[in-house]
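Engineer: Sequence unavailable; structure follows:
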């Protein structure tokens, strides 16, 4: 692991609600298909899994966006489905259809056979983290990440993306005991997985609860938040003499913000349907907030990008004792013109300064 | 139009927050593919549009669920895309892919050429309403419906369902003037369309804002709710000597409930992510609430159906001066076992009685 001191720790300090000179930003899926250089590396690798499993490729695509844009953090290039892949469910990325598992969990026998995977099988991830830290050379902090137990559970039971989550919800309503077993194993695996990322050099950890928002109000606590909380409470929170902040992002979870903010994380990610100004009042600045520009703003041209970025910053308001990390409310679209990202970075870094006086 | 007095007006009274003996229920898409008799009629018709455009078929499938289940309302069998179809956008239902328009609105010229359609082109809908009213013979009230201006706009610009709403949101951020023109025309058309349904015999009107929830917090008012409000304010609200209640349902709109409840409608539909108990406090019983069982509960077996139905009813609590219409939080899945619906109807009608004392 590199011991070079961090040159830019604005992101880490904002997450801990410490004073910073401007609002830091990074973008979910900033290393991705909207960049031609990513597509080139992806083509060389041949497949998504070859890309993710090769430390040099993973490092290369992680660093690509930082060569173009003045982002305040890097995020490990990987996928939330590495854990179920290591569990032996048979992950495949089908062109145009996204990830699919050959052996989804559908029967009691499937569930009984599930085990926390040997972390050796995920060594390629930890190796990539170490290499990226070395290559970053202290430029910006590196974020490690994992899916929430519920969200990876969705893929494990459905076998692929879903519109209605019929298989996992059928299990949830008919055999909640089976689903709880899956989620418990996922939580245990995720703790080990994130802690090994942190030990390899990740300086912040993000948990993506991408599908928490499909749960009913009376199920979210039991089947998603309970297990996210378990993961958060098992994480290494200090390393290399400073805090390792944890961010929890539940897409579509705006209605449950108070509960999510109390899960033990340092920061909560929000999508664009929630007002940041109202959100910080609801949680009384007890956590930092990350978000929440609609990714589609980046298709609106320069004026719209600048105006909408300012609206997000104005909505959060003078930062005071709060903390704000600018981001999109979801991953950047593969069709995004990269020049819109350049404009966004400029606007956020410049306009936000007045909120930090 | 039939002048037979209504034998069961529990649904209409609940919407107006008048005392009723039990919580009425109906299900979104209750006339649909989960019923074998629907599939038979659909096969006879040959295509979805033939089914919707033939008054006898439309009447037949509207009545089918009422022969099996003790629902408290019928809803016209039709589709929210009849208006853009009448505008000449070329609607086609592609097997397995849902509705598609041959000529989506993408350019300034496309938008400038758009006009409120001649309601003569939608006469088949009004004829179906009249026939259904006659055939219902006062058994239960008939609900007419339309999509919200924003929601039908999504299909008109995207050309089909979308994951990211990239085309309409690009227009929204880059050329809001064009989108406002579309939405204004949609609102005018929807007022005429719903009023003619009401004149033909619809006894309540529901506006489906199925895609309102994809909008950013600072865009929802401008691009969705503003136009829904316009529609609501243009509707006939009394007919045949009684109120014609209006229900507005914004899927994913729980965070904006207070604003939606102030749009002039009598009732607000909610999906399963919002607590009905919290919702009625937030709006202080100023409107009735409709919903909000997760449709996937119907895959959980008898015990889950009964338990989860009771949880929804308990969450709403003693009805008092409020109003509750039980429904799912979204359309019923085509894979639902019809026997689960039978159990649901029994549980809601029986268990809810104690809330109405």
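Structural biologist: The structure has been received and is ready for your questions. Predicted, not measured: the structure shown is a model, and the values here were computed from it. Numbering: from 1, shown residues only, chains lettered A, B, ... in the order given.
Engineer: residues in contact with residue A:213?
Structural biologist: A:250, A:251, A:252, A:253, B:273 (CB atoms under 8 Å, 6 or more residues apart in numbering or on different chains). Any C-beta I mention is one placed from the backbone N, CA and C, and that applies to glycine too.
Engineer: Run a quick neighbour tally on the second one.
Structural biologist: Just to be clear, that refers to residue A:251. For residue A:251, the tally of surrounding residues (other CB atoms under 10 Å in any protein chain shown) stands at 20.
Engineer: Kindly report the same for the last one.
Structural biologist: Other residues lying near residue B:273 total 27 when counted by other CB under 10 Å.
Engineer: same check, this time on residue A:121
Structural biologist: Around residue A:121 there are 14 residues (other CB under 10 Å).
Engineer: Tell me who's in contact with the residue in the stretch 251-357 of chain A that chain B sits nearest to.
Structural biologist: Evaluated by CB to the nearest CB, the stretch 251-357 of chain A has residue A:300 as its residue closest to chain B, separated by 2.6 Å. By CB under 8 Å, 6+ apart, residue A:300 lies in contact with A:308, B:169, B:170, B:172, B:173, B:174.
Engineer: Can you pick out the most distant pair from these?
Structural biologist: A:308 and B:170 (12.7 Å; CB to CB).
Engineer: So what's the residue count around the closest residue to residue A:93 other than its chain neighbours?
Structural biologist: Once flanking residues are discounted, residue A:93 sits nearest to residue A:48: 4.2 Å by CB to CB, 6 or more residues apart in numbering or on different chains. A total of 17 residues lie near residue A:48 under the criterion other CB under 10 Å.
Engineer: Report the separation between residue A:48 and residue A:135.
Structural biologist: 21 Å (CB to CB, to the nearest Å).
Engineer: Remind me what the helix or strand residue A:280 falls within packs against, helices and strands.
Structural biologist: If you go by DSSP states H and E, residue A:280 is part of helix A:276-282. Judged by 3 or more CB pairs under 8 Å, 6 or more residues apart in numbering or on different chains; DSSP states H and E, helix A:276-282 is in contact with helix A:257-261, strand A:288-293, helix A:302-316.
Engineer: about what we covered before: look at the residue of the stretch 251-357 of chain A closest to chain B and report its pLDDT.
Structural biologist: According to the prediction, residue A:300 has pLDDT 98.
Engineer: Which pLDDT value belongs to residue A:4?
Structural biologist: Taking residue A:4 on its own, its pLDDT is 81.
Engineer: Residue A:192 belongs to a helix?
Structural biologist: Yes: residue state for residue A:192 (DSSP: H, G, I helix; E, B strand; the rest coil) corresponds to a helix.
Engineer: That one touches residue A:116, doesn't it?
Structural biologist: Yes: applying CB atoms under 8 Å, one finds residue A:192 in contact with residue A:116, separated by 7.1 Å.
Engineer: Residue numbers of the stretch 1-150 of chain A in contact with chain B?
Structural biologist: Within reach of chain B by CB under 8 Å from any CB of the partner chain, the stretch 1-150 of chain A has no residues at all.
Engineer: Quick one: neighbours of residue A:57, just the number.
Structural biologist: So residue A:57, with other CB under 10 Å, has 18 neighbours.
Engineer: That one: what secondary structure?
Structural biologist: From three-state DSSP, the assignment for residue A:57 is helix.
Engineer: cool, and residue A:154?
Structural biologist: Residue A:154 - assigned by three-state DSSP - is helix.
Engineer: Just give the closest residue to it, not the sequence neighbours.
Structural biologist: Per CB to CB, 6+ apart, closest to residue A:154 is residue A:211, 4.7 Å.
Engineer: separation between that neighbour and residue A:228?
Structural biologist: 12 Å.
Engineer: Identify the contacts common to those two.
Structural biologist: With CB under 8 Å, 6+ apart, residue A:211 and residue A:228 have common neighbours residue A:150.
Engineer: so what's residue A:41 up against?
Structural biologist: By CB under 8 Å, 6+ apart, the neighbours of residue A:41 are A:51, A:57, A:60, A:61, A:64.
Engineer: Quick check: buried residues in the helix or strand hosting it?
Structural biologist: Taking DSSP H and E as the definition, one finds residue A:41 inside helix A:36-45. For helix A:36-45, the neighbour count (16 or more other CB atoms under 10 Å in any protein chain shown) marks A:38, A:41, A:42, A:45 as buried.
Engineer: Please tabulate these in CSV and include distance to residue A:73 and pLDDT as additional columns.
Structural biologist: Shown next, in CSV, are these (distance: CB to CB, whole Å; pLDDT from 0 to 100):
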residue, distance to residue A:73, pLDDT
A:38, 17, 97
A:41, 20, 97
A:42, 22, 95
A:45, 24, 94
